[in-house]
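Asker: here you go, sequence then predicted model.
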Amino acid sequence: MTTLLALVFARLVVAQGQLVVAPESRLWIEGDSNFKSWSCEAQKAEAAVDLGKPAFSVQVPVAGFHCNEDLLDGKLREALKADRFPEISFSLESEERIPGAPLRMRLTGSLTLAGQTGTVTFLAEVTPAPGGAFVARGSVPVLMSSYDVDPPSAMLGLVRAADLVTVNFEIHASLATGRRLSRGDR
């Protein structure tokens with residue numbers, strides 16, 4: 001119950017703009033190909049809170065993703081049509097607490113990718129951390145073809161990414177108290 005109260009309080013604080021997101025927070029994409037697995041991590045993301053309702057949105061610049069290979073950076077930008085659609089965005093539409101421990105939430109929202117918008121539903125697990133902080137973790141499976149994205153390929157199509165990718169997130173946050181989270185606080 002304490003965790004639930006902490007989450008509810010954190011949402012109220014977020015609405016007032018007093019939530020501090022720690023630098024070790026991460027957002028990354030993982031996928032497979034017929035050659036090997038790959039991953040790309042967002043170097044920058046911006047979040048906003050709608051004060052009129054309990055919702056939030058996240059925008060991630062496509063150019064801010066860095067993969068484990070430079071060639072893949074360009075292929076990802078090309079596949080996601082970054083020249084015409086420079087951002088990926090998510091806007092929360094509803095949430096539902098799943099009973100039990102640890103605290104789990106079913107989140108539903110609109111994902112916009114390469115100019116196409118679709119609805120995604122996924123689970124987020126929220127765990128308390130020292131000093132009144134918390135960590136929210138989850139993953140969102142996404143079929144690129146559902147967003148009119150051709151999976152990246154190389155070597156004249158001999159190497160081709162799988163259609164299914166997973167968007168992962170790990171958000172470390174605390175209430176604004178003047179204290180900053182550090183890696184040791186996990």
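Answerer: Thanks, I have it.

Asker: spatially nearest residue to Glu46 (excluding sequence neighbours)?
Answerer: Take Glu46 and drop its neighbours on the chain: the residue closest to it by Cβ to Cβ, 6 or more residues apart in numbering is Gln59, 5.1 Å away. Glycine gets a C-beta too; all of them are placed from N, C-alpha and C.

Asker: mean confidence (pLDDT) on the longest strand seen in the chain, please.
Answerer: Longest strand in the chain, counting residues (DSSP state E): strand 159-175. Average pLDDT, strand 159-175: 81.

Asker: tell me the pLDDT at Phe85?
Answerer: So Phe85 comes in at 94 (pLDDT).

Asker: repeat that for Ala55.
Answerer: 59.

Asker: pull the number of nearby residues for Lys81.
Answerer: By other Cβ atoms under 10 Å, 18 other residues sit near Lys81.

Asker: do the same with Cys67
Answerer: What Cys67 shows, counting by other Cβ under 10 Å, is a neighbour count of 20.

Asker: check which helix or strand Trp28 maps to.
Answerer: In this structure, Trp28 sits in strand 26-33 according to DSSP states H and E.

Asker: which outside residues touch whatever helix or strand comes next after that strand?
Answerer: Remark: after strand 26-33, the chain's next helix or strand is strand 38-42, criterion DSSP H and E. Residues from elsewhere that reach strand 38-42 (Cβ atoms under 8 Å, 6 or more residues apart in numbering): 26-32, 60-61, 64-69, 72-73, 76, 161.

Asker: got it, and stretch 140-153?
Answerer: 31, 72, 75-76, 78-81, 111, 113-116, 118, 120, 122, 159-168.

Asker: tell me the buried residues within those residues.
Answerer: Neighbour counting with 16 or more other Cβ atoms under 10 Å marks 31, 72, 75-76, 79-81, 111, 113-114, 120, 122, 161, 165, 167-168 as buried within the contacts of stretch 140-153.

Asker: need the max-distance pair from the residues you listed.
Answerer: Lys75 and Phe122 (25.4 Å; Cβ to Cβ).

Asker: okay, now the unreliable bits of the protein?
Answerer: 1-20, 34, 47-56, 153-159, 175-186 (pLDDT under 70).

Asker: show me the helices in it, by range?
Answerer: 2-15, 70-79 (DSSP state H).

Asker: the residue nearest to Leu164 when sequence neighbours are not counted: how many residues sit nearby?
Answerer: Of all residues not flanking Leu164 in the chain, Leu143 sits nearest, at 5.7 Å (Cβ to Cβ, 6+ apart). Counted by other Cβ under 10 Å, the residues lying close to Leu143 total 13.

Asker: do you know how far Leu143 is from Ala114?
Answerer: Noted for Leu143: a distance of 12 Å to Ala114, by Cβ to Cβ, to the nearest Å.

Asker: swap in Trp28?
Answerer: Trp28 is 18 Å from Ala114, by Cβ to Cβ.

Asker: was I right to think Cys67 contacts Arg77?
Answerer: No. Between Cys67 and Arg77 there is no contact under Cβ atoms under 8 Å: 10.0 Å.
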